[in-house]
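A.B. asks: need a structure here:
(one chain, ligands or ions: 4)
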Amino acid sequence: MFKFKACDLPQMLTLWSSRYTVLVPDGSMGHIQMQEWKAQDSFMTPDRYINLGMSPKAFVFNEREPLFHWEGHEKTRVTSDPGLRLPGKDSLLFGIRPCDTHGLAYLDRFFLGEYRDLNYQLRREHLLVVAVNCLQAGPSCFCSSMHTGPFADISSSCGELGSPQTGFDLLLTPDFASQQTPEHAEDNNWYWIEPGTERGKRLLAFVAPLLHRDLEQVGQKRKQILQEKALQTFARTLVKESLPQVLTAHYENPIWDSISETCIGCTGCTRVCPTCTCFTTEEENETPDSGTRIRVWDSCQSVSFTRNAEWHNPRSKKAAVRYRIYDKLKYIEERFGMPGCTGCGRCSDACPAGIDMVALANRLTEATPEAVRMAPAAPNPVHYERKERLFDPQPYTPLVAEIIDIHEEARDIRRFTVRYRDRPEQGSPALRGQFFMLTVFGVGEVAISVPFSDRVRDAFTFYIKKVGKVTTAIHKLKVGDTLGIRGPFGVPLPYETLKGRNLLVVGSGVGLAPVRASLIRAIENKEAFGRIVIMASATSYNGLLLKEDLKTWSDMPGVEVYYSLSRPTEEVNAHIGYVNDLFPNLGMDWSRTSAIICASARRIKAVARDLMQLGMKPSDIYTSLETNMHCGIGKCGHCKVGSHYMCVDGPVFTYEEMLQLPPEF
Ligand SMILES: Cc1cc2nc3c(=O)[nH]c(=O)nc-3n(C[C@H](O)[C@H](O)[C@H](O)COP(=O)(O)OP(=O)(O)OC[C@H]3O[C@@H](n4cnc5c(N)ncnc54)[C@H](O)[C@@H]3O)c2cc1C
Ligand code: SF4
Ligand code: SF4
Ligand code: FES
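C.D. replies: Ligands and ions are numbered 1, 2, ... in the order given. Predicted structure coming up:
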């Protein structure tokens, strides 16, 4: 550790500014913003402000930024990465508080783990952070309760990811005469200074003439004394450790009704939050033949955040208000092993409705019996940890594919066959139950399931139902036109674990598409299975998917096909009514049966309930859960249910897992 005289701080900033764009806090109390340091400027020294008005999130995760660019008309399109225009000099943020460095460390974990977000990585690599410990808490601060500051050991909470891990490159601790005990008092003010990264060590070397080595090693002792004093200044506290149990116990508490009535959905809380990362995408069309997909900050508090086609929204306003609190205080930590709330207090300050996280948490904690609070937290129900880090040079840029065939499959449902125009041979195989993100250039992107066999590598078929903006635009495309394709994404449906058992597949409407690939594989290897029973349901025979496949399969020995329609037809012998009505007469050995159900969430629940009544275990029932998706790689946040991202942890779940997820489908 080193120290330097507080009066040398301006000179230090000037030295750094010869190499970096140095940004320092400025403004008036309560309205502190970052301004570029100019040698003669006055600025807010760290003893004169509590925290920045806005978190430093925008420096690494821009409010609006391009994801990829496209050019050409419908037959000739090409795509390219946006080539982020970063400033010539790296930026150095001076004066960031420890809670915000925790926020940055979390953003590193979030954006650089699993699928790496290239936009974030580029901005982060060009940003250095000099943090300054706080000696005095502000009226809204509760970081001491979240163990995120001041003086918190942030590096230890960051997991296994590579540099940068700490959220800061240098950490300063002010040690001013007013805080010193008589025996340590000196006639001037000092800062202790220590590196958090290799880049921090290089920053130190840059200002070496101003540094004094801590030869007597008093720095750590002083820090301890200063920390104890700082912790005594917190007026707001909560008990973090029991929050998972408390929140689990109060999921249905009427408090969520009363709070959600006051929330006006302004999204202020998520905008100011250093750990809120959700975004949506927009198309900016520069000319009819060129455009850019932009990502824009979005909020789980906005009305259509989880909306599905035809305005079905599985998350009510009450559920959305509750979700934000649970995400910050429970779900993020369950998923990423780091606190999702830094205790900065900005959301309560920003909220016009006075919704206050600390007051709420304390009220619920007080209402929770001690035995519940002290019980071990429930284990996470769904396994999601990935061994490998998934790296894609630019995961948001689609490859261009040409439509080579279009087939009218059912009313409002077309089968499109597409072929990559310039994908390298070794593209990863797409597996049953996975999905692709399909782009209509200039219009938008939608998630579409893999219905084709695992062996197909380049000419893919998709069954697409016309329901809204993008799918209508897809239906207008012709053979020879181009689409964008990203993927495959998501966890596939199982295969090996199904072998040796009966297989029951229930597909409703366009839900027959995701199960087609599983059926092809199972039927090709019929001898490895018991009975293979397919139940296809739709409102009418015209609306039924896979009519040709179903006819072919029904002629095969060992494969049984049943139809269930709402309206009678002369085409096939169909049950008129719910598919569930057929189960009791199947005469299956249910204990030796695995089931795959692809339908709306409401139908999945009804079918699974009846199958369990017949004796099936929920762990033998597989489902595919479709939620609003904008990225497919666990970043945009739209598909998140509880601590799980449906796009990377699903969309395939067992019904047992589904039952343990919050009921937001
Ligand atoms: C994993 C997965 C696999 C899917 N597979 C298929 C398939 O094989 N065939 C098919 O026809 N459809 C499939 N869907 C549904 C399809 O993605 C939606 O119908 C489509 O997003 C609607 O977009 P739109 O712009 O036409 O409709 P709009 O109503 O204009 O939608 C606007 C936005 O809402 C969201 N949205 C709307 N509907 C849904 C929905 N049902 N699910 C999720 N988000 C939605 C999208 O983000 C969309 O951008 C799948 C969805 C998911 C999540
Ligand atoms: S949830 Fe509120 S207090 Fe917690 S980090 Fe976000 S803005 Fe700060
Ligand atoms: S700031 Fe308050 S009123 Fe606005 S969306 Fe958030 S909780 Fe609702
Ligand atoms: S997080 Fe974006 S689709 Fe899942």
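A.B. asks: packing partners for the helix ranked longest in the chain?
C.D. replies: If you go by DSSP state H, the chain has its longest helix at helix 98-112. Here helix 98-112 touches helix 57-60, helix 118-125, strand 127-132, helix 143-146, helix 332-336, going by 3 or more C-beta pairs under 8 Å, 6 or more residues apart in numbering; DSSP states H and E. The way it works is simple: take the backbone N, C-alpha and C, and place the C-beta from them, glycine included.
A.B. asks: What is the distance between the second one and the centre of its chain?
C.D. replies: Meaning helix 118-125. Here helix 118-125 is found 17 Å from its chain centre; the criterion is C-alpha atoms, centre = their mean, to the nearest Å.
A.B. asks: and what of the third one?
C.D. replies: Taking the mean of its C-alpha atoms, strand 127-132 sits 26 Å from the chain's own mean (C-alpha atoms, centre = their mean).
A.B. asks: Would you mind extracting the C-alpha trace of it into PDB?
C.D. replies: Presented in PDB, the C-alpha positions along strand 127-132 are these (Å, rounded to 0.1, in the frame of the first residue of the first chain):
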ATOM      1  CA  LEU A 127     -12.500   2.000 -18.800                       C
ATOM      2  CA  LEU A 128     -10.300   2.400 -15.700                       C
ATOM      3  CA  VAL A 129     -11.800   2.900 -12.300                       C
ATOM      4  CA  VAL A 130     -10.300   4.800  -9.300                       C
ATOM      5  CA  ALA A 131     -12.700   4.200  -6.400                       C
ATOM      6  CA  VAL A 132     -12.700   6.100  -3.200                       C
END
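A.B. asks: give me every residue that touches the residue lying closest to P339 once chain neighbours are set aside.
C.D. replies: Of all residues not flanking P339 in the chain, M146 sits nearest, at 5.0 Å (C-beta to C-beta, 6 or more residues apart in numbering). Neighbouring residues of M146 by C-beta atoms under 8 Å, 6 or more residues apart in numbering: C99, H102, K240, P339, C341, T342, G343.
A.B. asks: how near is M146 to C341?
C.D. replies: 6 Å (C-beta to C-beta, to the nearest Å).
A.B. asks: Not counting its own residues, what contacts the longest strand out of those in the chain?
C.D. replies: The longest strand of the chain (DSSP state E) is strand 399-410. For strand 399-410, the surrounding residues in contact (C-beta under 8 Å, 6+ apart) are 77-79, 414-423, 459-460, 463, 477-486, 538, 542-547.
A.B. asks: Try it again at 7 Å.
C.D. replies: 77-79, 414-423, 459, 463, 477, 479-485, 542-545 (C-beta atoms under 7 Å, 6 or more residues apart in numbering).
A.B. asks: and what of stretch 414-425?
C.D. replies: 399-409, 458-464, 475, 483.
A.B. asks: Of those, keep whichever come out buried.
C.D. replies: 399-403, 406, 409, 460-464, 475, 483 (16 or more other C-beta atoms under 10 Å).
A.B. asks: Go through the residues you listed and name the one nearest ligand 3.
C.D. replies: I464 (34.6 Å; C-beta to the nearest ligand atom).
A.B. asks: tell me the pLDDT at L661?
C.D. replies: On the pLDDT scale, L661 is placed at 88.
A.B. asks: any idea how far ligand 4 is from the closest residue to F2 other than its chain neighbours?
C.D. replies: Nearest non-adjacent residue to F2, counting by C-beta to C-beta, 6+ apart: L211, 4.2 Å away. The spacing between L211 and ligand 4, counted by C-beta to the nearest ligand atom, to the nearest Å, is 44 Å.
A.B. asks: sorry, back to before: also near ligand 1: which of the contacts of stretch 414-425, exactly?
C.D. replies: With C-beta under 6 Å from any ligand atom as the criterion, those include Y463, I464 near ligand 1.
A.B. asks: Go through whichever strand or helix holds I604 and flag the buried ones.
C.D. replies: I604 belongs to helix 601-613 when elements are defined using DSSP states H and E. By 16+ other C-beta under 10 Å, the buried positions in helix 601-613 come out as A601, R603, I604, K605, A606, V607, A608, D610, L611, M612.
A.B. asks: do the same with stretch 547-560
C.D. replies: In stretch 547-560, counting by 16+ other C-beta under 10 Å, buried: K547, D549, L550, W553, V559.
A.B. asks: Just the element for the third one, please.
C.D. replies: Read that as L550. Applying DSSP H and E as the criterion places L550 in helix 547-554.
A.B. asks: Which of the residues in the following helix or strand past that helix are classified as buried?
C.D. replies: Sequence order places strand 559-565 as the next helix or strand after helix 547-554, per DSSP H and E. Of the residues in strand 559-565, V559, V561, Y562, Y563, S564, L565 count as buried by neighbour count, 16+ other C-beta under 10 Å.
A.B. asks: Neighbours of whatever residue of the stretch 151-300 of the chain ends up closest to ligand 2, how many?
C.D. replies: Residue nearest to ligand 2 within the stretch 151-300 of the chain: C273 (3.3 Å; C-beta to the nearest ligand atom). Using other C-beta atoms under 10 Å, the number of residues around C273 comes to 22.
A.B. asks: What of the one 4 residues further on?
C.D. replies: Other residues lying near T277 total 21 when counted by other C-beta under 10 Å.
A.B. asks: rewinding a little: can you tell me which helices and strands the helix or strand following the helix holding I604 packs against?
C.D. replies: Scanning forward in sequence from helix 601-613 by DSSP H and E, the next helix or strand is strand 621-624. Using 3 or more C-beta pairs under 7 Å, 6 or more residues apart in numbering; DSSP states H and E, the elements in contact with strand 621-624 are strand 593-598, helix 601-613, strand 652-654, helix 655-660.
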